[in-house]
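Trainee: Please work out how this folds:
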Amino acid sequence: QVKLVESGGGLVQAGGSLRLSCSSSGETFSNYKMAWFRQNPANEREFVAAISWSGRATFYPDSVKGRFTISRDNAKSALYLQMNDLKSEDTGLYYCAAGPAFDDRATGTRHHYDYWGQGTQVTISL
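Mentor: Got it, this is the predicted structure:
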């Protein structure tokens, strides 16, 4: 069983930056690929970023590419999301997710992730 706890959300003006963190406990962190998803105000869960177990592979949707950076520290069992140039459409409840790593790839497919945190709210004001 993997327990995930997100932190770092908040209210920020458009164009600003935030760094989200996700701490993991329960099982060996490096056995899992990781990802960030968000629930937008329309209640749709969107893929935001993914990273392979080693950190060598990352994957982003076009909506955040070039603005967001996902990273991990396996020694600290921690996942991060650096978000720059934030836009109003980035508003949402951000979740980190863990899925078993069968290879060293990053994927944005939701059903590949078995464990989810409770989320941290990010609100972008104009």
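Trainee: Tell me how far Arg110 lies from Gln82.
Mentor: Here the criterion is C-beta to C-beta, to the nearest Å. By it, Arg110 lies 22 Å from Gln82. Using the backbone N, CA and C atoms, a C-beta is placed for each residue, glycine as well.
Trainee: Kindly report the same for Gly8.
Mentor: Where Gln82 is concerned, Gly8 sits at a distance of 10 Å (C-beta to C-beta).
Trainee: Same check on Phe29?
Mentor: 19 Å.
Trainee: Neighbour count: these two, which is higher?
Mentor: Ranked by neighbour count (other C-beta atoms under 10 Å), Phe29 and Gln82 place Phe29 first, with 21 against 15.
Trainee: Tell me which residues touch the more buried one, please.
Mentor: Arg72, Asn74, Ser77, Ala78 (C-beta atoms under 8 Å, 6 or more residues apart in numbering).
Trainee: Tell me how far the residue nearest to the third one when sequence neighbours are not counted lies from Thr91.
Mentor: What it means is Ser77. Nearest non-adjacent residue to Ser77, counting by C-beta to C-beta, 6 or more residues apart in numbering: Phe29, 3.9 Å away. Distance of Phe29 to Thr91, given as C-beta to C-beta: 29 Å.
Trainee: tell me which element the residue nearest the centre of the chain falls in.
Mentor: By C-alpha atoms, centre = their mean, the chain has its centre lying nearest to Trp36, at 2.2 Å. Element membership for Trp36 (DSSP states H and E) is strand 32-39.
Trainee: what sits opposite the nearest residue to Gly9 once chain neighbours are set aside in the beta ladder?
Mentor: Spatial nearest neighbour of Gly9, excluding adjacent residues (C-beta to C-beta, 6+ apart): Thr120 at 3.4 Å. Here Thr120 sits in beta bridges with Tyr94, going by DSSP bridges.
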